[in-house]
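K.L.:
below are the sequence and a predicted model for it; my questions follow.
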Amino acid sequence: MKNINSLLDDISMDNLIVPFGKIRKINATTVIASGLIVAIGDVVKIESEHHTYSVYGMVTSLSDDEFIIVPFSFIDGFKINDKVYLLKDGLNVKCGYGLLGRVINAMGEPIDGLGPISTIEEVSQINKESISPLDRGIIDQKFSTGVKAIDSMLTCGKGQKLGIFAGSGVGKSTLMGMIVKG
């Protein structure tokens, strides 16, 4: 009896009850669902009953009893009454050495067939309040780009934000490739 009580203590109510909504209307670019309490900007996961994949999306519009979701990827195969789950933590970015050499999708999930990502040192929210420019640290270290024209005339610092603007076909991607190669 003692083992059962200790197991019951370890189970939280969050693991037992998972609220979900359902798709009410669907077209190629939006999903209309109901049954969840959501806010504008909330991230949801749409799961198909007949397929093994799921799609993430963002709530963009609300009415009395329905909300509109803009999916982040294709929604082929989804249909009325498929389930919609609210992601409590929103969108996160996983950071760590376990990502080195891995191929991931836009949601940070591995797509290279090498299994789950082994070590994640930090998880950071995407939609969070930005740091005030006055509270940022002083940029006092040089960042060597490997491009002589930039390093000699337009020195960059580590941590500096840098915009590269030019017309099409001028070489922005080539410049970025040169910087990456160092």
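P.N.:
Cool, got the structure.
K.L.:
tell me if I'm right that Val31 and Ser48 touch.
P.N.:
No: using CB atoms under 8 Å, Val31 is not in contact with Ser48; the gap is 11.5 Å. For every residue, glycine as well, the C-beta is placed using N, CA and C.
K.L.:
how about the strands in the protein?
P.N.:
Here the chain has its strands, by DSSP state E, at 21-26, 31-34, 43-47, 54-62, 67-71, 83-86, 92-95, 122-125, 142-143, 156-157.
K.L.:
for Asp112, find the nearest of those.
P.N.:
Among the strands of the chain, the nearest to Asp112 by CB to CB is strand 92-95 (14.7 Å).
K.L.:
give me the contacts around the closest one.
P.N.:
Gly108, Ile117, Ile120, Glu121, Glu122, Val123, Ser124, Gln125, Ile126 (CB atoms under 8 Å, 6 or more residues apart in numbering).
K.L.:
please name the strands paired to that strand in the sheet, noting orientation.
P.N.:
strand 122-125 (antiparallel) (DSSP bridges).
K.L.:
centre of the chain to the partner strand, how far?
P.N.:
Distance of strand 122-125 from the chain centroid (CA atoms, centre = their mean, to the nearest Å) equals 10 Å.
K.L.:
hmm, who's touching it?
P.N.:
By CB under 8 Å, 6+ apart, strand 122-125 touches Asp89, Gly90, Leu91, Asn92, Val93, Lys94, Cys95, Gly96.
K.L.:
do that again at 7 Å, thanks
P.N.:
Gly90, Asn92, Val93, Lys94, Cys95, Gly96 (CB atoms under 7 Å, 6 or more residues apart in numbering).
K.L.:
right, and Ile69 touches Asn27 too?
P.N.:
No: here Ile69 does not reach Asn27: they are 11.4 Å apart, not a contact under CB atoms under 7 Å.
K.L.:
on that earlier part again, turn the strands of the chain into a markdown table, columns for mean pLDDT, mean neighbour count and distance to Gly101.
P.N.:
Below are those laid out as a markdown table (pLDDT from 0 to 100; neighbours: other CB atoms under 10 Å; distance: least, CB to CB, whole Å):
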| stretch | mean pLDDT | mean neighbour count | distance to Gly101 |
| --- | --- | --- | --- |
| strand 21-26 | 95 | 17 | 38 |
| strand 31-34 | 96 | 20 | 35 |
| strand 43-47 | 93 | 20 | 27 |
| strand 54-62 | 93 | 17 | 25 |
| strand 67-71 | 96 | 19 | 29 |
| strand 83-86 | 94 | 20 | 31 |
| strand 92-95 | 81 | 15 | 15 |
| strand 122-125 | 80 | 10 | 18 |
| strand 142-143 | 91 | 13 | 23 |
| strand 156-157 | 91 | 14 | 26 |
